[in-house]
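**Student:** let me see the structure of the following:
(chains A and B)
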Amino acid sequence: KQEVTQIPAALSVPEGENLVLNCSFTDSAIYNLQWFRQDPGKGLTSLLLIQSSQREQTSGRLNASLDKSSGRSTLYIAASQPGDSATYLCAVIGASGNTPLVFGKGTRLSVIA
Amino acid sequence: GAVVSQHPSRVICKSGTSVKIECRSLDFQATTMFWYRQFPKQSLMLMATSNEGSKATYEQGVEKDKFLINHASLTLSTLTVTSAHPEDSSFYICSASRQEYSPQHFGDGTRLSIL
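**Tutor:** Okay, the predicted model is just below:
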């Protein structure tokens, strides 16, 4: 059974810092991996999707990497801003078909002005 | 874009009430919709997968008689929490995908509070 772990559970940084969020998964047979953002009491916003054949994806100040063989992904946020404060969730889809996303518990990020 | 609308956003009701939550794909047809539940400071846990025109597939431990799912069209799925109790209080989120292997698009969630 696939399990997704995110470290740290919570992170507080001053504005302007670069930071890295970590995600690991136990079964490397994945179709893709996604990073989501969730604001308090809200749904999910997809940030980046990495296919299993890809190594990284970039969008603005965000960069996500994937090392499928070791079951790891990182989300790098450059020049953090208070508006980046949210919970960041990592999720994977198994390679076997139209399987549901398996989520980690998320990292709660606070960027202090 | 791919917009998923979830309604209502918040429900507060008495114990024993049945509550229906709607999930609509507004600008695309969704062959598959997923229903998740999220408890405070926990991750999203899949409850069930529904394909248009067929019965939903429930995850282990989810009571199908308590959480009724209907996916009658390619743009609408509903989750009905029957005879809700305080332990059913949670954040329920749906997602929809066009077809197999395509990305899931999420609704904004429904905060359910049972008194």
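**Student:** give me every residue that touches the most centrally placed residue in chain B.
**Tutor:** Residue closest to the mean C-alpha point of chain B, counted by Cα atoms, centre = their mean, is B:Trp35 at 3.7 Å. By Cβ atoms under 8 Å, 6 or more residues apart in numbering or on different chains, the residues touching B:Trp35 are B:23, B:46-50, B:67, B:69, B:77, B:79, B:92-94. Quick note: C-beta positions are derived from backbone N, CA and C, even for glycine.
**Student:** can you pick the most crowded of these?
**Tutor:** For the contacts of B:Trp35, neighbours were counted using other Cβ atoms under 10 Å in any protein chain shown, and B:Cys94 has the most, 31 neighbours in all.
**Student:** that one reaches B:Arg37, doesn't it?
**Tutor:** No: in this structure, B:Cys94 is not within contact of B:Arg37 by Cβ atoms under 8 Å, at 10.6 Å.
**Student:** run through the bridge partners of A:Ser46.
**Tutor:** Beta bridges link A:Ser46 to A:Phe36 when assigned by DSSP bridges.
**Student:** distance check, it against B:His105.
**Tutor:** 8 Å (Cβ to Cβ, to the nearest Å).
**Student:** the more surrounded of these two?
**Tutor:** The residue with more neighbours, out of A:Ser46 and B:His105, is B:His105; 22 against 15, by other Cβ under 10 Å.
**Student:** show me the strands in chain B, by range?
**Tutor:** B:4-7, B:10-13, B:19-25, B:32-38, B:44-51, B:57-58, B:67-73, B:76-81, B:90-97, B:105-106, B:110-114 (DSSP state E).
**Student:** let's have the ones you listed in CSV, adding mean pLDDT.
**Tutor:** Compiled in CSV, the strands of chain B are given as follows (pLDDT from 0 to 100):
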stretch, mean pLDDT
strand B:4-7, 95
strand B:10-13, 95
strand B:19-25, 96
strand B:32-38, 93
strand B:44-51, 92
strand B:57-58, 92
strand B:67-73, 91
strand B:76-81, 96
strand B:90-97, 94
strand B:105-106, 91
strand B:110-114, 96
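**Student:** now distance to A:Ser73 too, for those, in a markdown table please.
**Tutor:** Output for the strands of chain B, formatted as a markdown table (distance: least, Cβ to Cβ, whole Å):
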| stretch | distance to A:Ser73 |
| --- | --- |
| strand B:4-7 | 25 |
| strand B:10-13 | 33 |
| strand B:19-25 | 28 |
| strand B:32-38 | 20 |
| strand B:44-51 | 17 |
| strand B:57-58 | 27 |
| strand B:67-73 | 31 |
| strand B:76-81 | 30 |
| strand B:90-97 | 20 |
| strand B:105-106 | 19 |
| strand B:110-114 | 29 |
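**Student:** nearest spatial neighbour of A:Ala10, chain-adjacent residues omitted?
**Tutor:** In this structure, A:Ala10 finds its nearest non-sequential neighbour in A:Arg108, 4.4 Å apart by Cβ to Cβ, 6 or more residues apart in numbering or on different chains.
**Student:** make sure that neighbour is actually in contact with A:Val13.
**Tutor:** No: here A:Arg108 does not reach A:Val13: they are 11.8 Å apart, not a contact under Cβ under 8 Å.
**Student:** ok, of the contacts of B:Trp35, which one's closest to chain A?
**Tutor:** B:Leu46 (4.6 Å; Cβ to the nearest Cβ).
**Student:** how much space between the closest one and A:Pro100?
**Tutor:** From B:Leu46 over to A:Pro100 (counting by Cβ to Cβ), the distance is 5 Å.
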